[in-house]
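Asks: sequence below, structure please.
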Amino acid sequence: MARREEIPDHFDWRPYNVVTPVKSQFKCGSCWAFATVGTVESAYALGTGELRSLSEQQLLDCNLENNACDGGDVDKALRYVYDEGLMREYDYPYVAHRQDTCQLRGETTRIKAAVFLHQDEASIIDWLLHYGPVNVGINVTADMKAYKGGVYTPDKWECENKIIGTHSINIVGYGTWNATNQKYWIVKNSWGQDIKADPLYGQGRRECKSAEKTAARLKAYSNLTFSLTVSRTGTCILPVESILAVSRTSQLVFLPRSMMSTSIGMDFSMKPPFIDEEEEDFFEITPKRKRRTRGLKWLAAATLCFVAIYFIYGFIAQLATDHRFTASWLWWWKKSALSDGTVELHYLDSFEKFMKRYERQYENSEEVLNRLKTFIQNMNNAKRLNDANSAASARFGENIFADWTDDEFENILMSEDALRELRKMANFIRPANKKTLKTEEVPDYFDWRPFNVVTPVKSQCRFPFLHNTFLTFLSHFALSGRLSRVSVKCGSCWAFATVAVVESAYAIANGELRSLSEQQLLDCDLNDNACDGGRVENALQYVYENGLMNEDDYPYVAHRQDACYLRGATARIKSAVFLHQDEASIIDWLLHYGPVNVVINTTADLKLYTGGVYTPQKWECENKIIGLHALSIVGYGIWNETNEKYWIVKNSWGQFNTLQINVLYFQRYGVEHGYVYFARGINACGIEDQPMGVIA
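Replies: Predicted coordinates for the structure are as follows:
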């Protein structure tokens with residue numbers, strides 16, 4: 001990303017002959033096609049030095065996943081361009097309606113990549129300066145049709161309450177309006193050139209809902225005009241929070257739509273890739289027409305529909321017969337029976353909400369009652385802990401473990417024997433402290449996550465049916481033949497902690513962040529015991545000798561399988577070492593080499609953690625241990641309100657979620673998507689006893 005001092009106050013791609021003149025979609029809701037073609041034209045010109053006017057009509061006629069004049073999605077259009085390419089405009093001219101046939105002929109221009117950018121002003125400017133114009137989607141109000149010039153700055157309330165449609169456009173530059181000091185985007189529209197003013201979009205205030213994600217506001221400038229009335233019948237049906245750019249990278253970076261869904265359509269979290277100027281050309285020119293595959297695509301779609309109907313039918317049949325799904329009815333009966341004062345009603349209400357949030361389905365009424373008792377006990381413990389820590393930042397309460405007993409929680413931890421073996425081995429390994437920082441050189445805060453070397457938090461357990469897409473539901477049901485509503489507990493933290501430090505070490509050494517396979521360790525590392533626990537040093541020895549496959553090639557199933565399925569490329573490490581047993585040595589390694597593996601004594605209190613700096617009592621860490629847990633430290637800091645020092649610890653119990661299940665939002669575990677802030681500098685529960693570092 002460009003440094004702040006390198007960013008000019010004004011930038012515009014038009015003088016560089018990489019932006020075609022503004023075109024007109026006429027009374028056809030085809031802005032999605034014009035916005036798509038606009039970014040492809042500019043990217044091609046930047047990549048080859050030749051500005052071509054490409055065909056929007058080809059997208060209307062041939063891109064059957066979109067709806068021509070009734071709207072479409074830019075991501076689908078770009079996928080079509082990736083597959084089929086675009087002809088020149090004069091070979092396939094625009095007629096403002098879908099024709100009866102797709103008339104492909106002659107050479108086509110194809111792309112190799114499209115990416116979603118971060119949802120902020122700085123990322124858009126960064127892409128503009130380095131790679132070219134950016135596609136965005138906006139909410140449209142009726143006021144826009146009367147626009148003539150200046151910086152168009154719609155009112156936030158109107159953008160939220162007076163929307164008449166959505167519209168897709170291209171940002172080709174930015175600047176500041178001298179008379180009013182307003183920041184703006186220079187926006188290429190598709191409503192013709194009949195008014196001598198250009199639409200620009202203002203930056204930074206987030207007025208419109210689309211601008212809420214792009215940090216941009218609507219504005220105007222010369223020869224791009226808003227001259228057509230945008231109505232609900234002729235609007236572009238575009239996800240209104242998209243930021244899409246075309247690049248010259250050699251790898252396609254599309255995500256399936258199911259992986260990008262949010263409450264309004266998409267999740268835009270991908271950074272633009274680093275592009276090496278020495279890479280192969282971004283575009284391919286294909287003189288020959290590609291063989292048509294539309295018939296095969298329709299056949300594949302029909303087959304998929306048939307399979308979906310088959311499994312949905314099976315799901316409904318199971319729903320009617322599986323006694324697990326009847327437990328909720330028993331629960332209502334028990335609620336009436338227990339509301340006589342034996343159990344406080346607010347606990348019943350809380351437990352009912354908990355069951356819905358986490359889709360808990362129990363075997364029978366007896367299990368419902370037992371889980372209720374456990375839930376109440378855990379909530380009372382959480383209240384006790386919050387009262388005892390009222391002066392500190394740590395908070396405890398309901399999460400994914402709220403109905404688990406201490407014995408169940410212990411099953412996902414390691415035995416104390418593992419720590420004793422680690423300590424015995426440490427005596428024979430020279431501590432690593434190659435570079436020692438002076439105290440004045442150590443920053444108060446450091447975190448590896450923003451540097452793209454830490455994968456998202458994963459989960460060593462499998463919780464009941466929390467699929468956030470229909471596709472994952474279907475695949476789960478197809479593989480298992482039924483819907484498991486039972487938590488699968490696996491004591492594999494040793495594997496997750498091992499993989500986490502290897503992933504980061506590999507990313508730091510190679511500049512590529514890979515999500516690696518924990519399941520490979522469960523199946524293939526026979527010196528450890530899969531879900532019954534293991535030792536990090538054994539696992540690292542295995543990785544040193546055999547390497548790790550990518551997670552996509554060897555996915556996690558939360559149990560040891562019958563065979564070891566080694567295949568494909570592996571990531572390897574060069575060494576693993578024990579560090580000195582103190583805060584300074586851990587910080588020293590963090591700053592020089594990367595995340596650190598640690599093992600802690602675990603008490604039952606940890607399962608109820610919901611936020612703040614977790615500071616367990618020394619007596620409890622010594623006398624109330626229920627097991628051991630392996631983690632990785634990715635940074636450190638100081639809690640401002642209480643001045644508590646903490647480690648930023650990556651866990652393996654799932655993420656702090658905003659998953660939408662039955663229109664309910666809830667958390668699963670921890671803070672910041674599954675992390676724990678653990679007390680630093682006091683060796684809380686042995687976290688600083690045996691730190692290990694890895695070099696790849």
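Asks: what's the helix or strand encompassing Asp588 packed up against?
Replies: Assigning secondary structure by DSSP states H and E places Asp588 in helix 583-592. Using 3 or more Cβ pairs under 8 Å, 6 or more residues apart in numbering; DSSP states H and E as the contact criterion, the elements in contact with helix 583-592 are strand 446-447, strand 596-602, strand 627-639. For every residue, glycine as well, the C-beta is placed using N, CA and C.
Asks: so which elements touch the second one?
Replies: The reference is to strand 596-602. Applying 3+ Cβ pairs under 8 Å, 6+ apart, one finds that strand 596-602 makes contact with helix 416-426, helix 493-510, helix 583-592, strand 627-639, strand 692-695.
Asks: tell me the mean pLDDT for that strand?
Replies: Across strand 596-602, pLDDT averages out at 92.
Asks: ranges for the strands of the stretch 351-500 of the chain?
Replies: Taking DSSP state E, counting those that start in this stretch to define them, one finds strands in the stretch 351-500 of the chain at 395-396, 446-447.
Asks: okay, domains of this protein per the record?
Replies: Under the assignment automatic domain parsing, the domains of the chain span 9-286, 406-695.
Asks: pick out the shakiest of those domains, pLDDT-wise.
Replies: Set side by side, the domains of the chain show their lowest mean pLDDT on domain 9-286, which sits at a mean of 70.
Asks: quick one: Cys461 from Val557, how far?
Replies: 12 Å (Cβ to Cβ, to the nearest Å).
Asks: the more surrounded of these two?
Replies: More crowded of Cys461 and Val557, by other Cβ atoms under 10 Å: Cys461, with 21 against 15.
Asks: what's the closest non-adjacent residue to the more buried one?
Replies: Lys489 (5.5 Å; Cβ to Cβ, 6 or more residues apart in numbering).
Asks: and for Ile648?
Replies: In space, Ile648 is closest to Gly635, 3.8 Å off (Cβ to Cβ, 6+ apart).
Asks: bridged to the one you found, which residues?
Replies: Asp447, Ile648 (DSSP bridges).
Asks: quick one: contacts for it?
Replies: Residues touching Gly635, when contacts are defined by Cβ atoms under 8 Å, 6 or more residues apart in numbering, comprise 445-449, 590, 647-648.
Asks: now do the same contact list for Leu51.
Replies: Contacts here follow Cβ under 8 Å, 6+ apart; on that basis Leu51 touches 17-20, 41, 44-45.
Asks: what do you get for Val694?
Replies: Val694 touches 501-502, 504-505, 540, 573, 575-576, 594, 597, counting by Cβ under 8 Å, 6+ apart.
Asks: for Ala392, state which of those is nearest.
Replies: Of all the contacts of Val694, Asn597 has the smallest distance to Ala392: 26.4 Å, by Cβ to Cβ.
Asks: quick check, the closest one in contact with Met692.
Replies: Yes: contact criterion Cβ atoms under 8 Å: Asn597 and Met692 qualify, at 4.3 Å.
Asks: joint contacts of these two?
Replies: When Cβ under 8 Å, 6+ apart defines a contact, the residues bordering Asn597 and Met692 alike are 501, 536.
Asks: list the buried residues of stretch 636-654.
Replies: For stretch 636-654, the buried set under the neighbour-count rule, 16 or more other Cβ atoms under 10 Å, comprises 636-637, 639, 644-654.
Asks: wait, which of the residues you listed is closest to Leu608?
Replies: For Leu608, the nearest member of the buried residues of stretch 636-654 is Trp653. The distance, counting by Cβ to Cβ, is 11.9 Å.
Asks: so which strand or helix has the nearest residue to that closest one once chain neighbours are set aside?
Replies: Sequence neighbours aside, Tyr669 is the residue nearest to Trp653 in space, at 4.5 Å (criterion: Cβ to Cβ, 6+ apart). In the assignment (DSSP H and E), Tyr669 maps to no helix and no strand.
Asks: what about Tyr669, neighbour count?
Replies: The local packing of Tyr669 (other Cβ under 10 Å) involves 26 other residues.
Asks: thought it was touching Gly654?
Replies: Yes: Tyr669 is within contact range of Gly654, at 5.3 Å (criterion: Cβ under 8 Å).
Asks: could you tell me which residues touch both of those two?
Replies: Ile400.
Asks: I'd like the distance between the nearest residue to Ala142 once chain neighbours are set aside and Leu86.
Replies: Leaving out its chain neighbours, the residue that sits closest to Ala142 by Cβ to Cβ, 6+ apart is Ile164, at 5.6 Å. Note on Ile164: its distance to Leu86, by Cβ to Cβ, is 30 Å.
Asks: can you give me the helices in the stretch 351-500 of the chain?
Replies: With DSSP state H, counting those that start in this stretch, the ranges of helices along the stretch 351-500 of the chain come out as 365-388, 406-410, 416-426, 470-480, 493-510.
Asks: list the buried residues in the longest one.
Replies: Right, the one you point to is helix 365-388. 365, 367-369, 371-372, 374-376, 378-379, 381-382, 385-386.
Asks: sorry, back to before: adding distance to Arg535, write the helices and strands packed on helix 583-592 out as TSV.
Replies: Formatted as TSV, the entries for these read as follows, by distance: least, Cβ to Cβ, whole Å:
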stretch	distance to Arg535
strand 446-447	28
strand 596-602	9
strand 627-639	9
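Asks: go through those strands and name the closest to Thr610.
Replies: Across the helices and strands packed on helix 583-592, Thr610 has its closest neighbour in strand 627-639 (14.9 Å, Cβ to Cβ).
Asks: what angle do the closest one and helix 493-510 make?
Replies: With axes from the mean of the first three to the mean of the last three Cα atoms, to 10 degrees defining the directions, strand 627-639 sits at 50 degrees from helix 493-510.
Asks: the host helix or strand of Thr610 pairs with which strands, parallel or anti?
Replies: Secondary-structure assignment from DSSP H and E places Thr610 in strand 609-611. Partner strands and pairing direction for strand 609-611 (DSSP bridges) are strand 395-396 (antiparallel).
Asks: state the number of residues packed around Asp552.
Replies: Neighbours around Asp552, by other Cβ under 10 Å: 11.
Asks: ditto for Val18
Replies: Val18 is flanked by 20 other residues according to other Cβ under 10 Å.
Asks: and it, what is it in contact with?
Replies: Going by Cβ under 8 Å, 6+ apart, the list of residues near Val18 reads 41-42, 45-46, 51, 132-133.
Asks: can you tell me the SS state at it?
Replies: For Val18, the assignment made with DSSP: H, G, I helix; E, B strand; the rest coil gives coil.
Asks: can you give me the distance of it to Tyr174?
Replies: The gap separating Val18 from Tyr174 is 16 Å, by Cβ to Cβ.
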